[in-house]
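>>> sequence and predicted structure are below.
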Amino acid sequence: MSFKPPGPKVPQREIKYDEVRIYTDEEIHNYTEEELKNFKIKYDIPMLEELEKGPWPSFVADTKQLALHRRKLADDRVLMPKECAEDLLGQLQLSLEHGETHWKHGGIVGVSGYGGGVIGRYSDLPERFPAIAHFHTMRINQPNSKFYKTDYLRAIADLWNFRGSGCMNMHGSTGDIIFLGTTTEQLEPIFQEMAHVLNQDIGGSGSNLRTPSCCIGKARCEFALFDTQEMCYEMTMHYQDELHRPAFPYKFKFKFDGCPNGCVASIARADISFIGTWRDDIRIDQEAVKAYMAGELLPNAGAHRGRDWGKFDIQREVIDRCPTKCMALEDGKLVINNAECNRCMHCINTMPRALRPGTDTGVMLLFGAKAPILDGAQMSVCLIPFMKTEPPYDNVKEIIEKTFDWWMEEGKNRERLGELIQRMGLPKFLEVLGIPPAPHMITEPRSNPYIFWRAEDVPGGLTFDINEYRTKHAR
């Protein structure tokens, strides 16, 4: 792969809802609380209605509201069947009764010029649930750190209610806005409307680079150790071909965490995890340490207030909880053996007024995290513990492109980077990256949080006929 020259940032068009809106206020608020209370969808869904009980919001209740809203719209005010929300609940109830999904597997759909961004979804009971016979999902590239203006959110809600089902997921596990359910003929108009009116691209799906995502970073967080939004934007724009035109063995994810607190869980969910770090000493304010010990400052910035947890005990709550045992109290002062610190940030989170990250900051690169597909779940391994970065991040791109080249050459179908590293061996990957091995790269064997049950251990038994399944889910 070859470097692409960095381009200027694309100016963002400001969306004015009144200029792009589709529905009037009366159409948006077209039912009363009394009507909602008495509303019944056209299917009996007793198992789903159990999910409406309890103190938490329920997607079942939300979908019922959507069903009533769509039913009361004029026929020419939606371009997808009005009953789609009701059919969605009806099919889900049937799936719960049967203990299996009634969505067909696969089906290729997309928009002009893009191979990713749309996930084909078809009901395997189209005669029974005709309004969701086609129910494709679109992934929409989220803004960095998920900052939105209400004008934009109202505009996309209008568009999706008009050309889709109205169901949205904020957000998918990779961060994308998820538009749940539309028909094949509406995909291209939605894409064109999003691109040319709302200045919005679709995200990644399929065997490609998935939409990069980042934490809130320096926009609002005091712990951000590099500009996550800047790097995420640059990588998103730089790797547009890899994002929209699938050419990889399987999915590939970038995630950018501003510090080891990991608010987008990059260490658990990204093929390359970018995590802010520091290489000098943790800064200590000894007077603030004494204030915490005396109860003058609340630990965890007061996050655990509301219950009497007893007097703050720095030995029990900070020092003894240090995973590398690098902290101690000496003559009333907190001391840290920084050479042993593994940057878990527990002490900093507990006493943020007393402890701060160092000032020599950069980013660490970890590789190979994934959820279970072939070889089970695994966390990423730290291979580059510290790297200074600045736009356009050519040193980072060099590492990325070496990784892409090796994975595309050696990876098997549906094999993630972490599984390739396991199969070929970590020394081979280090050779590809051109970095020397070091003891800190492996601290303990990987562990798998998933339990795989034997059929005889499952209450009621477990039977699965692959031929029957294929008959029901024929392509």
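Cool, got the structure.

>>> leaving out chain neighbours, which residue sits closest to L187?
In this structure, L187 finds its nearest non-sequential neighbour in V111, 5.5 Å apart by CB to CB, 6 or more residues apart in numbering. All C-beta spots, glycine's among them, are computed from the backbone N, C-alpha and C.

>>> against E14, how distant is A155?
Separation of A155 from E14 (CB to CB, to the nearest Å): 11 Å.

>>> counting neighbours, go ahead and name the busier of the two.
A155 (24 against 10; other CB atoms under 10 Å).

>>> just checking, the more buried one touches L198?
Yes - in this structure A155 lies within contact range of L198 using CB atoms under 8 Å: 5.9 Å.

>>> hey, what's in contact with both of the two?
Residues touching both A155 and L198 (CB atoms under 8 Å, 6 or more residues apart in numbering) are 15, 20.

>>> hmm, M80 is touching T183, no?
Yes - the criterion here is CB under 8 Å, and M80 meets it with T183 at 5.8 Å.

>>> for the two, indicate the residue with more neighbours.
With neighbours defined as other CB under 10 Å, M80 and T183 compare such that M80 has more, 23 against 20.

>>> helix or strand: which one has that one?
Using DSSP states H and E, M80 falls within no helix or strand.

>>> separation between F226 and R245?
From F226 over to R245 (counting by CB to CB), the distance is 29 Å.

>>> comparing these two, which residue is more hemmed in?
Higher neighbour count among F226 and R245: F226, with 24 against 15, using other CB under 10 Å.

>>> residue contacts, that one?
By CB under 8 Å, 6+ apart, F226 lies in contact with 217, 258, 276, 361-363, 389.

>>> now tell me what touches stretch 72-88 from outside.
23, 27, 30-31, 41-43, 63-64, 66-67, 70-71, 129-132, 135, 161-167, 181-183, 186.

>>> drop anything exposed from those residues.
Buried by 16 or more other CB atoms under 10 Å: 23, 27, 30, 41, 43, 63-64, 66-67, 70-71, 129, 131-132, 135, 161-167, 181-183, 186, out of the contacts of stretch 72-88.

>>> break the protein into its domains for me.
Per automatic domain parsing, the domain ranges recorded for the chain read 14-205, 215-272+366-441, 283-356.

>>> closest one to G461 among these?
Of all the domains of the chain, domain 14-205 sits nearest to G461, with 11.6 Å by CB to CB.

>>> next, the distance between the ends of that closest one.
27 Å (CA to CA, to the nearest Å).

>>> tell me the contacts of I314?
I314 neighbours (CB under 8 Å, 6+ apart): 289, 292-293, 329, 334, 351.

>>> how about the helices in the stretch 351-475 of the chain?
Per DSSP state H, counting those that start in this stretch, the stretch 351-475 of the chain carries helices over the ranges 394-410, 417-424, 426-433, 466-472.

>>> can I get those helices in a markdown table with distance to V10?
Supplementary listing: the helices of the stretch 351-475 of the chain in a markdown table, determined by distance: least, CB to CB, whole Å:
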| stretch | distance to V10 |
| --- | --- |
| helix 394-410 | 19 |
| helix 417-424 | 29 |
| helix 426-433 | 31 |
| helix 466-472 | 46 |
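
>>> so which of those gets nearest E35?
helix 466-472 (37.7 Å).

>>> from the chain's centre, how far out does that closest one sit?
32 Å (CA atoms, centre = their mean, to the nearest Å).

>>> returning to what we had before: which stretch among the domains of the chain comes nearest A455?
Of the domains of the chain, nearest to A455 by CB to CB is domain 14-205, at 14.4 Å.
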